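Asker: Using only what follows, build the 3D model:
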Amino acid sequence: MRSSALRLTARFRWKLVPALLVVGLGDWLFYQRHFYGGYLGLFAFAVLGALIAGRPAVRHHRWAWVALAAAGLFALALVYDASLLSWSLFWGAVVMATLIPATARFDDGWRWLQRLVLHGLRAPFAPLIDLRHLLKVRAAGRSGRFSLQAALAMFALPVIGSLIIITLFAAANPLVERFVNAFVVPDLSPLLVVRMAFWGLIFLPMWSLLRPRLSRWLLPSFEGRDEMVLPGVSVASVTLSLILFNLLFAAQNLMDALWLWGWAPMPQGMTMADYAHRGAYPLIATALLAALFVLVTLRPGSDTARMPVIRRLVMLWIGQNIILVASSMLRTADYIEAYSLTRLRIAALLWMALVAFGLAAICWRLLRARSAAWLINVNLAAAGLVLGAVCFIDLGEVAARWNVRHAREVGGRGVALDLCYMSDLGESALLPLLTLEQRADLHPAFRERVRVTDMWLLDRLEANQTNGWTLLGQKRLARAREMMAQIGPMALARGNRACDGSLIPPPEPAPDPTQNMEPVDSKPSPALTEGTRK
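Answerer: Below you'll find the model as predicted:
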């Protein structure tokens with residue numbers, strides 16, 4: 001027992017060293033130097049190095065290296081252009097890397113989602129759990145038996161008694177009081193408390209990576225095979241439902257084809273933008289409900305799934321759902337054409353594409369009798385590829401370039417360029433606006449507003465690159481300075497500016513209160529005692 005306690009202590013010591021090194025690096029980067037942005041990527045690479053050095057099981061597992069490679073890719077994304085998405089994906093990948101050696105294989109995404117959540121919930125308590133385990137092993141090595149209750153009972157009386165005596169001595173002796181105040185209760189300034197809390201925020205997840213604990217009790221994946229009795233679900237009810245659903249979807253798809261695809265004019269009083277905006281998101285919700293219906297009522301191996309007529313109706317219905325999703329994407333595109341493109345609308349289009357892919361995967365699962373784990377994994381893989389690509393693509397710049405190309409000021413069919421929204425996009429809109437400013441056909445007043453916005457964004461980018469350096473920001477700053485030099489200086493009117501770069505007119509002067517006053521009679525007023533003088 002003593003040798004096992006020594007081995008456990010040595011393992012803890014060798015894991016404590018890389019954890020403390022990461023804490024020290026985080027303190028220097030983020031607390032002392034106030035760095036952010038791409039420096040998060042450098043910190044992420046340090047976390048990877050500490051994990052590889054402090055957890056040997058990761059180095060000897062093939063699939064762990066796959067997760068480490070994914071984590072390294074997301075760390076590179078943080079260096080390129082730090083974002084909450086890339087930071088979250090990095091931690092998801094690095095936690096998978098430390099847990100995979102204990103699982104031996106990748107089973108399905110549903111179980112891994114539970115493992116990631118439980119690992120995050122355990123992280124704040126991991127050091128305390130390991131400390132209790134270490135004390136238990138060391139005590140067992142000395143006495144052959146360890147009891148936390150007995151240990152507390154043994155130390156309670158001497159510790160409490162000593163504290164009482166020291167308190168009484170401090171009240172009676174100023175020297176003892178000074179000693180207690182200096183060493184027992186140090187002066188903890190608010191900044192020191194915040195700094196220590198910051199150390200804890202770094203140490204806790206780092207220690208949980210080096211000392212992971214795999215959860216043994218997980219909810220299994222719902223395979224959805226064979227029969228499961230549901231009230232109101234039978235071969236007849238499912239067949240009738242699919243017939244009605246196909247008719248309803250056919251009517252909706254026909255209306256979309258008539259109006260969205262230009263086969264018929266829009267109804268009176270409704271514009272294309274109104275029609276597109278009202279239906280995009282409810283139709284996606286309809287497609288998701290259709291997918292849920294198929295998953296619940298047509299499980300592989302059930303009576304409903306074995307019926308050829310039902311299978312054909314399902315194929316037709318899923319096909320109509322995919323057409324419905326395509327119509328929703330077209331609605332969103334028409335709305336963008338009428339108004340403008342935003343990051344949220346790009347994300348909505350990507351989400352709709354993933355929904356269409358998920359519907360096709362459900363259809364394939366039904367045809368090939370695939371498991372629920374296969375369906376979960378293939379959808380997670382598709383979502384992971386999309387999110388991983390988005391980490392390296394600035395959606396704000398994509399939206400800004402589209403809005404600049406289609407703005408009314410440059411002859412496009414879109415609305416007038418919203419410079420307030422472009423300013424809200426931050427440095428993502430700088431290069432597209434500089435490209436716009438290079439055009440020779442801009443109205444002088446509009447060009448001045450664009451130049452003011454460019455100067456704001458350039459100042460913001462230069463300030464961010466001081467402590468929040470990123471690789472994309474560095475490239476963007478160099479290109480912006482080059483384009484500014486090509487455009488040349490511009491004389492700007494002085495004054496306060498609105499968010500779109502326009503001059504805010506000065507407030508009207510307050511009216512003079514003496515202008516509308518009636519003239520004062522210069523004739524002297526009679527004295528109050530004039531009558532008495534007579």
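Asker: And Leu350, how close does it get to Arg476?
Answerer: Separation of Leu350 from Arg476 (CB to CB, to the nearest Å): 23 Å. Yep, even glycine has a C-beta here, placed from its N, CA and C like the rest.
Asker: How about Ala93?
Answerer: 27 Å.
Asker: who has more neighbours, Leu350 and Arg476?
Answerer: The residue with more neighbours, out of Leu350 and Arg476, is Arg476; 22 against 16, by other CB atoms under 10 Å.
Asker: tell me the pLDDT at that one?
Answerer: pLDDT recorded at Arg476 is 96.
Asker: Double-check it against Glu427; I have them as touching.
Answerer: Yes. Look at Arg476 against Glu427 with CB atoms under 8 Å: they come within range, at 6.2 Å.
Asker: what touches both of these two?
Answerer: Common neighbours of Arg476 and Glu427 (criterion: CB atoms under 8 Å, 6 or more residues apart in numbering): Leu461.
Asker: what about Ala53, neighbour count?
Answerer: Burial of Ala53 is recorded as 16 neighbouring residues (other CB under 10 Å).
Asker: excluding its backbone neighbours, what's nearest it?
Answerer: Counting by CB to CB, 6 or more residues apart in numbering, Pro18 is the residue found nearest to Ala53 once chain neighbours are left out, at 5.3 Å.
Asker: And the average pLDDT for the helix or strand containing the one you found is what?
Answerer: Applying DSSP states H and E as the criterion places Pro18 in helix 2-26. Averaged across helix 2-26, pLDDT comes to 74.
Asker: For Leu503, give me the backbone phi and psi.
Answerer: Phi and psi for Leu503, reported as degrees, to the nearest 10, are phi -70, psi 140.
Asker: ok, what's across the strand from it?
Answerer: Arg497 (DSSP bridges).
Asker: distance of it from Cys420?
Answerer: The gap separating Leu503 from Cys420 is 15 Å, by CB to CB.
Asker: which of the two has more neighbours?
Answerer: Between Leu503 and Cys420, counted using other CB under 10 Å, the more crowded position is Leu503 (16 against 13).
Asker: Pretty sure the more buried one sits against Asn496.
Answerer: Yes. The pair Leu503 / Asn496 is scored as a contact, 7.3 Å apart, by CB under 8 Å.
Asker: Point me to the helix or strand that includes the residue nearest to Glu427 when sequence neighbours are not counted.
Answerer: Closest residue to Glu427 apart from its sequence neighbours, by CB to CB, 6+ apart: Leu461 at 4.3 Å. Leu461 belongs to helix 444-467 when assigned by DSSP H and E.
Asker: List the buried residues for that helix?
Answerer: The neighbour-count check on helix 444-467 (16 or more other CB atoms under 10 Å) flags 446-454, 456-458, 461, 464-465 as buried.
Asker: Likewise for stretch 371-388?
Answerer: Under 16+ other CB under 10 Å, the buried positions of stretch 371-388 are Ala372, Ala373, Trp374, Leu375, Ile376, Asn377, Val378, Asn379, Ala383, Leu387, Gly388.
Asker: which one of these is nearest Pro509?
Answerer: Leu387 (56.6 Å; CB to CB).
Asker: Okay, now the unreliable bits of this structure?
Answerer: With pLDDT under 70 as the threshold, the chain has low-confidence stretches at 1-12, 104, 134-135, 137-158, 180-188, 221-232, 262, 271-281, 300-301, 510-534.
Asker: Chain neighbours aside, what residue packs nearest to Ile284?
Answerer: Closest to Ile284 by CB to CB, 6+ apart is Ser328, at 5.5 Å.
Asker: for that neighbour, phi and psi?
Answerer: With angles defined as degrees, to the nearest 10, Ser328 sits at phi -60, psi -40.
Asker: Can you tell me how far it is from Leu349?
Answerer: Separation of Ser328 from Leu349 (CB to CB): 9 Å.
Asker: Comparing these two, which shows the higher neighbour count?
Answerer: Per other CB under 10 Å, whichever of Ser328 and Leu349 has more neighbours is Ser328, with 27 against 16.
Asker: so the more buried one sits right up against Thr286, yeah?
Answerer: No. Between Ser328 and Thr286 there is no contact under CB under 8 Å: 9.1 Å.
Asker: Spit out the residues that contact these two alike.
Answerer: Here Ser328 and Thr286 have no joint contacts, going by CB under 8 Å, 6+ apart.
Asker: okay, now the domains of the protein?
Answerer: Residue ranges for the domains of the chain, per automatic domain parsing: 1-216, 235-391, 397-487.
Asker: And the ones you listed: which comes nearest Glu508?
Answerer: Smallest distance to Glu508 across the domains of the chain (CB to CB): 22.4 Å, for domain 397-487.
Asker: what about the helices in the stretch 351-500 of the chain?
Answerer: Assigned by DSSP state H, counting those that start in this stretch, the helices in the stretch 351-500 of the chain fall at 372-390, 395-405, 419-424, 430-437, 444-467, 471-487.
Asker: got JSON lines for those, with distance to Arg213 too?
Answerer: Shown next, in JSON lines, are the helices of the stretch 351-500 of the chain (distance: least, CB to CB, whole Å):
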{"stretch": "helix 372-390", "distance to Arg213": "24"}
{"stretch": "helix 395-405", "distance to Arg213": "38"}
{"stretch": "helix 419-424", "distance to Arg213": "44"}
{"stretch": "helix 430-437", "distance to Arg213": "47"}
{"stretch": "helix 444-467", "distance to Arg213": "37"}
{"stretch": "helix 471-487", "distance to Arg213": "37"}
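Asker: Of the ones you listed, which is nearest Trp317?
Answerer: helix 372-390 (17.3 Å).
Asker: Just give me how far that closest one sits from the chain centre.
Answerer: Counting by CA atoms, centre = their mean, to the nearest Å, helix 372-390 is centred 17 Å from the centre of its parent chain.
Asker: counting contacts, what elements does it pack onto?
Answerer: When contacts are defined as 3 or more CB pairs under 8 Å, 6 or more residues apart in numbering; DSSP states H and E, helix 372-390 packs onto helix 62-81, helix 84-103, helix 109-122, helix 343-368.
Asker: Can you say which of the ones you listed is nearest to Ser241?
Answerer: Of all these, helix 343-368 comes closest under CB to CB, at 15.8 Å.
Asker: Pipe the helices and strands packed on helix 372-390 into a markdown table and attach distance to Ile202 per row.
Answerer: Below are the helices and strands packed on helix 372-390 laid out as a markdown table (distance: least, CB to CB, whole Å):
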| stretch | distance to Ile202 |
| --- | --- |
| helix 62-81 | 16 |
| helix 84-103 | 13 |
| helix 109-122 | 15 |
| helix 343-368 | 30 |
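Asker: Contact partners for the nearest residue to Asp441 once chain neighbours are set aside?
Answerer: Excluding its sequence neighbours, the residue lying closest to Asp441 (CB to CB, 6+ apart) is Val410, at 7.3 Å. Taking CB under 8 Å, 6+ apart as the criterion, Val410 is in contact with Val404, Leu436, Arg439, Asp441, Leu442.
Asker: Now do the phi/psi pair for the fourth one.
Answerer: The reference is to Asp441. Dihedral pair for Asp441: phi -100, psi 20, per degrees, to the nearest 10.
Asker: what does the third one give?
Answerer: Note on Arg439: its backbone torsions stand at phi -70, psi 140 [degrees, to the nearest 10].
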